[in-house]
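J.: Predicted model, plus sequence, below.
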Amino acid sequence: MRIHKSGEDYLEAILVIRNEKGNVRSLDVAQHLGVTKPSVSNAVKILREGGMIEMDDTKRITLTEAGEEIARKVYERHMLLTKWFTSIGVSADTAEEDACKIEHDLSSETFDKLKDYFTEN
């Protein structure tokens, strides 16, 4: 299944919320992303059908192995880009916003080089 940028954002949000709260529900995702509950319901349906997430009888959302892998990849990119932008003087809010925009489109080669640079310095 090919995941679009918005799907990656939902998976990343689920990962972040899970790490903060332990449990994830649709309302948590809506609040985190600043979207409506119907938008989350639609995304949850698509991600569940794609095998990226599961939802139990209590409506708790969990990442599948495939969903976890994508979420971690996007989150790692987000964190590294945010760190890079703030290290060159970009404000924290702008760094967060710009990282969200770039994390999806950055090539693996460029990301790996940035990662290597930060590991070395």
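T.: Great, that's in hand.
J.: for this protein, what spans make up the helices?
T.: Using DSSP state H, the helices of the chain run over 5-21, 26-33, 37-49, 65-87, 92-102, 108-120.
J.: quick check: mean pLDDT across the shortest one?
T.: Read that as helix 26-33. On average, the pLDDT along helix 26-33 is 96.
J.: now the fifth one
T.: The average of the pLDDT scores along helix 92-102 is 94.
J.: Output that helix as PDB - backbone C-alpha positions only.
T.: Provided in PDB are the C-alpha atoms of helix 92-102 (Å, rounded to 0.1, in the frame of the first residue of the first chain):
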ATOM      1  CA  ALA A  92      11.100  26.400  17.200                       C
ATOM      2  CA  ASP A  93       7.600  26.900  15.800                       C
ATOM      3  CA  THR A  94       8.900  27.600  12.300                       C
ATOM      4  CA  ALA A  95      11.300  24.600  12.500                       C
ATOM      5  CA  GLU A  96       8.400  22.300  13.500                       C
ATOM      6  CA  GLU A  97       6.200  23.600  10.600                       C
ATOM      7  CA  ASP A  98       8.900  23.300   8.000                       C
ATOM      8  CA  ALA A  99      10.000  19.900   9.200                       C
ATOM      9  CA  CYS A 100       6.400  18.700   8.700                       C
ATOM     10  CA  LYS A 101       6.500  20.000   5.100                       C
ATOM     11  CA  ILE A 102       9.800  18.500   4.200                       C
END
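J.: what number of residues lie near the closest residue to residue 75 other than its chain neighbours?
T.: Nearest in space to residue 75, with sequence neighbours left out and distances taken as Cβ to Cβ, 6 or more residues apart in numbering, is residue 12 at 5.2 Å. From N, CA and C alone the C-beta is placed, and that goes for glycine too. When neighbours are counted by other Cβ atoms under 10 Å, residue 12 registers 24.
J.: for residue 59, same thing?
T.: Neighbour tally, residue 59, other Cβ under 10 Å: 12.
J.: Which residue ranges make up the domains of the chain?
T.: Domain assignment for the chain by automatic domain parsing gives 5-69, 71-120.
J.: Can you check the distance spanned by the first one, start to finish?
T.: When you say that, I think you mean domain 5-69. 15 Å (Cα to Cα, to the nearest Å).
J.: again, but for the last one
T.: Chord length of domain 71-120, first to last residue, is 25 Å (Cα to Cα).
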